[in-house]
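>>> Model the following, please.
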Amino acid sequence: MSEARQARIVPPGGGRSYPMGRIEAVFKADRAETANLYSLSEWRLEPRTAGPGAHAHDDEHLFYVLEGVLSVLAGEEWSEAPAGSCIIVPGGTPHNFENRGDAPAAFLSFNVPGGFEARMEDIAPALAAEDLRL
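You can find the predicted model right below:
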């Protein structure tokens, strides 16, 4: 087994961080550790924060809400997803997320296949430059 595919523990606060102003994503596992099979990232949104805007791509998403209430667009419908909710977004489905509440929101994003993090080099500076206040 190669070094990259060995079992490991990512400590609290560990991973590769992508600050985007009112949003932060921390990749806990990505193509380097998973042989491009999947990625796992933790996203945090300040209160009253818009997301990246509706978009679609081939990756499969699974969002698990850790805290707060996440507003999620999956297809054509917005829904409110409180902590403990799981959102399944098949590849090719238009989606977006926001924090419309007065408390922080956080969620895990599991993406299949891996490689999504490569796009963060462009996504992070673009979102950091925007005013994402709702």
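
>>> where exactly do the strands run in the chain?
Along the chain, the stretches classed as strands by DSSP state E are 16-20, 23-29, 39-45, 60-67, 69-74, 77-82, 86-89, 95-98, 105-112.

>>> Columns mean neighbour count on top of these, output as a markdown table?
Quick note: C-beta positions are derived from backbone N, CA and C, even for glycine. Listed next are the strands of the chain as a markdown table, based on neighbours: other CB atoms under 10 Å:
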| stretch | mean neighbour count |
| --- | --- |
| strand 16-20 | 17 |
| strand 23-29 | 19 |
| strand 39-45 | 22 |
| strand 60-67 | 18 |
| strand 69-74 | 20 |
| strand 77-82 | 13 |
| strand 86-89 | 16 |
| strand 95-98 | 20 |
| strand 105-112 | 20 |
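
>>> Low-confidence ranges, this structure, go.
Within the chain, the set of residues satisfying pLDDT under 70 comprises 1-4.

>>> Roughly how far does the nearest residue to residue 102 once chain neighbours are set aside sit from residue 123?
Spatially, and ignoring its direct neighbours in sequence, residue 102 is nearest to residue 47 (5.1 Å; CB to CB, 6 or more residues apart in numbering). Here the distance between residue 47 and residue 123 works out to 21 Å (CB to CB, to the nearest Å).

>>> Comparing those two, which shows the higher neighbour count?
More neighbours sit around residue 123 than around the other of residue 47 and residue 123, counting by other CB atoms under 10 Å; the figures are 18 against 15.

>>> I'd assumed residue 23 was in contact with residue 41.
No - contact between residue 41 and residue 23 fails when scored by CB atoms under 8 Å: they sit 11.4 Å apart.

>>> Quick check: longest helix in the protein by residues?
Ranked by residue count under DSSP state H, the longest helix found in the chain is helix 120-128.

>>> by contact count, what packs against it?
Counting contacts by 3 or more CB pairs under 8 Å, 6 or more residues apart in numbering; DSSP states H and E, helix 120-128 packs against strand 16-20, strand 23-29.
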